[in-house]
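> only geometry, no sequence info:
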């Protein structure tokens, strides 16, 4: 009415210190709402969805390192 805007609700420790809240349940945190909307989008992919690719890349790396170790070990005695 007079150009006064309502202050956003305090969260976390500040809300406890001001006696506005009596526990730390993170229901009104903005990031929780953003996370929900992000997860509901069809394009959403988390790191859990990429685990098979990660495991495949790790296997390739381990095999390459193992092969490199064998080749370098075979070259040393022949010097």
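That came through, no problem. Quick caveat, the model's predicted, so the values are computed rather than measured.

> alpha carbons only for contacts and neighbour counts from here, please
OK.

> Name the spans of this protein whose pLDDT lies under the cut-off.
Residues of the chain meeting the criterion pLDDT under 70: 1, 8-12, 21-29, 76-79.

> Next, name the residue at the spatial heart of it.
Residue closest to the average C-alpha location in the chain (Cα atoms, centre = their mean): residue 47, at 7.6 Å.

> could you list every residue that touches it?
Neighbour list for residue 47: empty [criterion: Cα atoms under 8 Å, 6 or more residues apart in numbering].

> and the gap between it and residue 64?
Distance of residue 47 to residue 64, computed by Cα to Cα, to the nearest Å: 24 Å.

> do residue 4 as well
Distance of residue 4 to residue 64, given as Cα to Cα: 65 Å.

> Please identify which of the two sits among more neighbours.
Between residue 4 and residue 64, counted using other Cα atoms under 10 Å, the more crowded position is residue 64 (12 against 6).
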